[in-house]
Each structure stands twice: as C-alpha cells, then as structure tokens.
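> Sequence first, predicted model second:
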Amino acid sequence: MSKTPQSQEQLSELEKAMDVIIDVFHQYSRREGDRDTLTKNELKLLIEKQLVNYLRHVRNKATIDEIMKDLDINRDAQISFCEVMLLITRVTIATHEHLHDIEDHQQQQQHKHQHQHHH
C-alpha cells in the first residue's frame, strides 16, 4: 500500500526500500505528539521493533537517551525524519562493515567450495 502515485512495478529495489523507510517512520511518528516527528517513546518503539538485529552491529551500544540526544540536533525533544535518517544511515554503514567482517572470516571455507557454486 504505497502512498506514492507510481505503481510498485515502476519502482526500483532501492526506491521500494526508500518507500518502506518512509512508511515505517510514519507508522511510529503518528502515534503521539506531532504527526511528522518522533517523541522519545516513539523512537524507542521504532528502535526496539525495527532495528533490534542491526543495531547490534553498531560498535558503541548507546542507550535510547544517548541516541535521542545524539540525533536531536535542534534540541526540540522531537526526532524529525531527517534526524532519524542519520541513525538509519549509521546503522546501515555499521551493518555493511559487519557483513564484510563475516565475509572475511568465511573466505577460507568458500575457497574450498568455490568450484561448486558457479552461476
């Protein structure tokens, strides 16, 4: 159920992913206070429900309070979409690095099996 005028067929994988990020943000931002920002409670819920696995890859495990303080650039006790994108970007970068770390560890095993996996 995309709110965009285009049909899903026309959207690329990346565009669909962007759509999902926007939709998820609104699922939480509409719960209380301003409809287009996250309160601390909404941010906490979003993190607990939507970032539970990937937030583990962020090296410095911050508390919700620290994340809130970190993201709330204009100090209005609300997290805008722009501010939440900083968190998503940071988590995505950390996850990307984490996946490379796993890949490096697995490389030895893959060399043995490589001839079996031609596509």
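Cool, got the structure. Numbers count the residues shown, from 1 in each chain.

> tell me which element the most centrally placed residue in the chain falls in.
Residue closest to the average C-alpha location in the chain (C-alpha atoms, centre = their mean): Ile88, at 3.8 Å. Secondary structure from DSSP states H and E places Ile88 in helix 81-113.

> elements contacting that helix?
If you count contacts as 3 or more C-beta pairs under 8 Å, 6 or more residues apart in numbering; DSSP states H and E, helix 81-113 packs onto helix 13-29, helix 64-71. (C-beta placed from N, C-alpha, C; glycine too.)

> Can you tell me what sits against stretch 79-88?
21-22, 25, 29, 36-39, 42-43, 46, 51, 67-68, 71-73 (C-beta atoms under 8 Å, 6 or more residues apart in numbering).

> Make TSV from the helices and strands packed on helix 81-113 and add mean neighbour count, distance to Ala77 and mean pLDDT to it.
TSV is the format used below for the helices and strands packed on helix 81-113 (neighbours: other C-beta atoms under 10 Å; distance: least, C-beta to C-beta, whole Å; pLDDT from 0 to 100):
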stretch	mean neighbour count	distance to Ala77	mean pLDDT
helix 13-29	14	14	97
helix 64-71	15	8	90
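
> Minimum distance to Gln107: which of these has it?
helix 13-29 (26.4 Å; C-beta to C-beta).

> Give the other helices and strands that that closest one contacts.
strand 37-38, helix 40-50, helix 81-113.

> Just give me how far the second one sits from the chain centre.
Centroid displacement of helix 40-50 relative to its chain, using C-alpha atoms, centre = their mean, to the nearest Å, is 12 Å.

> Next, the angle from that helix to helix 64-71.
110 degrees (axes from the mean of the first three to the mean of the last three C-alpha atoms, to 10 degrees).

> Now do helix 40-50: everything it contacts.
Contact with helix 40-50 is made by 24-25, 28-29, 31-33, 38, 55, 64-65, 67-68, 71, 77, 79, 84, as judged by C-beta under 8 Å, 6+ apart.

> one more time with 6 Å
Val24, Tyr28, Arg31, Ile64, Met68, Ile79 (C-beta atoms under 6 Å, 6 or more residues apart in numbering).

> Would you quantify the distance from the last one to Leu99?
So the one you mean is Ile79. For Ile79, the distance to Leu99 (C-beta to C-beta, to the nearest Å) stands at 27 Å.

> Cool, thanks, talk later.
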